[in-house]
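> below is the structure, and that's it, no one-letter string:
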């Protein structure tokens with residue numbers, strides 16, 4: 001990637017976003033390179049919740065477009081692109097009040113299932129919701145507190161081996177001609193006289209060798225390190241990215 005020809009696209013960051021961008025660019029016939037300072041998926045993509053989900057909470061926020069898109073992608077991963085890594089994952093939703101809570105929860109989860117089937121053209125990629133009485137919920141989860149329990153709903157999303165998914169994306173991109181290097185850290189974004197980014201200075205962290213890579217376009221896919229990446233190009237006032245953490249109770 002450091003030859004005189006340079007590349008059309010240099011992707012900085014070897015997580016799932018960067019790997020996906022590299023694969024997309026390579027399959028479009030662009031000369032593509034991707035570099036990662038650590039190991040593939042060594043940053044945010046190794047610290048995910050391991051879920052491939054449409055986002056049930058976003059449905060309750062009425063963001064139907066986001067949920068529909070995510071569920072369509074979930075179905076594609078389950079059925080086509082990564083069935084060896086993405087599997088159906090059941091969730092148990094305890095109900096604490098009779099009738100009303102079950103009714104509105106069933107409507108929400110039912111809409112979730114409907115959007116999933118719509119995205120997969122009528123083929124259910126995961127089982128649809130199933131309702132349980134209090135006794136049925138206790139059979140599934142014997143240690144659940146039963147003092148307020150009136151029943152439960154079991155619904156499905158999907159889980160993934162996130163780091164393996166990233167590695168598979170990078171390998172597939174390489175199969176389409178992308179140039180990939182881990183342990184390769186961008187230390188500077190180079191510019192021309194007009195201030196346009198023209199490539200990057202990259203250090204091979206295994207050998208200490210410094211290389212110059214010319215690129216028509218540089219894409220930063222560095223997650224919570226976005227501001228540091230922007231600073232390498234001397235830019236200010238760009239994206240502000242904060243780390244966030246969600247908790248799933250198992």
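Done, it's in. Model, not experiment: these values are computed from the prediction.
> show me the chain divided up by domain.
What the TED database lists as the domains of the chain is 7-46+165-233, 51-160.
> and the residue nearest to residue 11 when sequence neighbours are not counted, what helix or strand is that in?
Using CB to CB, 6 or more residues apart in numbering and skipping the chain neighbours, the partner closest in space to residue 11 is residue 34 (4.2 Å). From N, CA and C alone the C-beta is placed, and that goes for glycine too. In this structure, residue 34 sits in strand 32-36 according to DSSP states H and E.
> relative to that strand, what are the paired strands and their orientations?
Partner strands and pairing direction for strand 32-36 (DSSP bridges) are strand 7-12 (parallel), strand 179-182 (parallel).
> after it, which helix or strand is next? Please name it.
Assigned by DSSP H and E, the successor of strand 32-36 is strand 51-52.
> so which bits of the very next helix or strand once past that next one are buried?
As assigned by DSSP H and E, the chain's next helix or strand after strand 51-52 is helix 56-60. Buried residues in helix 56-60, defined by neighbour count with 16 or more other CB atoms under 10 Å: 56, 58, 59.
> what's helix 56-60 packed up against?
Applying 3 or more CB pairs under 8 Å, 6 or more residues apart in numbering; DSSP states H and E, we find helix 56-60 packed against helix 64-76, helix 100-119.
> please name every helix or strand in contact with the last one.
Looking back up the chat, that one is helix 100-119. helix 56-60, helix 64-76, strand 86-95, strand 151-160.
> picking up where we left off before, chain center to the strand holding residue 34, what's the gap?
18 Å (CA atoms, centre = their mean, to the nearest Å).
> what sits against residue 98?
150, 151 (CB atoms under 8 Å, 6 or more residues apart in numbering).
> got the contact list for stretch 151-158?
51-54, 56, 74, 77-78, 86-95, 98, 102, 105-106, 109, 112-113, 125-134, 136-137, 140-141.
> check which helices and strands the helix or strand harbouring residue 172 sits against.
Assigned by DSSP H and E, residue 172 falls within helix 162-175. The elements that helix 162-175 packs onto, with contact taken as 3+ CB pairs under 8 Å, 6+ apart, are helix 16-27, strand 32-36, strand 179-182.
> please report how far the spatially closest residue to residue 163 that is not a sequence neighbour lies from residue 35.
Closest residue in space to residue 163, ignoring its immediate chain neighbours: residue 41 at 4.0 Å, by CB to CB, 6+ apart. Using CB to CB, to the nearest Å, one gets 14 Å for the distance from residue 41 to residue 35.
> then residue 59?
From residue 59 to residue 35 the distance is 37 Å (CB to CB).
> related to what we said a few turns ago, ok, which of the helices and strands packed on helix 100-119 comes nearest residue 120?
helix 64-76 (3.8 Å; CB to CB).
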